[in-house]
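Chemist: Give me the fold of what follows.
(one chain, ligands or ions: 1)
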Amino acid sequence: MSSFSTAEVCDAHASHLASGDLRALQPIFKIYGQCRAFSGPIVTLKVFEDNVLVREQLESKGEGRVLVIDGGASMRCALVGGNLGQLAQNNGWVGIVVNGCIRDVDEINGCDIGVRALASHPQKSYKRGNGEKGVSVHVGGMLIHDGEWLYADSDGILVSKTELSL
Ligand SMILES: O=C([O-])CC(=O)C(=O)O
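Modeler: Numbering: from 1, shown residues only. Predicted coordinates for the structure are as follows:
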């Protein structure tokens, strides 16, 4: 897609910001991965300290989508590591936003995807397979629905009800 700037998107879509059709997430995310800017349709996932569903999702074709993982902001383990970052890249995901932690930061920073997460943590998560796919999630202070569009760059992260013409 064409290059964009979230700041310009905000300026150009003030009415959508006012209506809530366009929302800026709270500025609580750290930037990882090779792609500082990325956008695409959202796939949602809600898990807690368990990343079996994350792997399952990233094993499917990304087709330019963004995986938004609500990990309940847990600071006790990582939901995505270097292997999953590589898997995401290989399967055509453009980005991963984690309301929680990642690990293997140096490996993830080498992957050709965009990643946002609250922090890094060296411990892996449980492998129980609990969680929900496609549900609405609370991430960055906003309610995010599966199928909405995400726009991330160095300035922040926007979620839009529909695809924006940029
Ligand atoms: O398997 C995990 O829990 C995550 C991980 O470390 C990786 O993706 O490399």
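
Chemist: make it CA atoms for all contacts and neighbour counts henceforth
Modeler: Fine.

Chemist: In which helix or strand does the most centrally placed residue in the chain reside?
Modeler: When Cα atoms, centre = their mean is applied to the chain, the residue found nearest the centroid is Val97 (1.8 Å). Val97 belongs to strand 95-102 when assigned by DSSP states H and E.

Chemist: close enough to count as contact, the residue nearest to the centre of the chain and Ala119?
Modeler: No. Val97 sits out of contact with Ala119 when judged by Cα atoms under 8 Å, with a separation of 11.5 Å.

Chemist: Residue numbers of the protein in contact with the ligand?
Modeler: Contact residues (Cα under 6 Å from any ligand atom) of the chain with the ligand: 79-84, 124-125.

Chemist: repeat that with 5 Å
Modeler: By the rule Cα under 5 Å from any ligand atom, the part of the chain lying against the ligand is 80-84, 124.

Chemist: Need the buried ones from those residues selected in ChimeraX.
Modeler: Buried residues within the residues of the chain next to the ligand, by 16 or more other Cα atoms under 10 Å, are selected in ChimeraX with:
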select :80,81,82,84,124
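
Chemist: Against Gln89, how distant is Met142?
Modeler: 26 Å (Cα to Cα, to the nearest Å).

Chemist: Neighbour count: those two, which is higher?
Modeler: Counted by other Cα atoms under 10 Å, Met142 and Gln89 do not tie: Gln89 has more neighbours, with 20 against 14.

Chemist: So the more buried one, which state does it fall into?
Modeler: helix (DSSP: H, G, I helix; E, B strand; the rest coil).

Chemist: Strands of the protein, start to end?
Modeler: Using DSSP state E, the strands of the chain run over 22-24, 30-32, 38-46, 66-70, 78-80, 95-102, 114-120, 132-133, 137-139, 142-144, 149-153, 156-160.

Chemist: Alright, that wraps it up for me.
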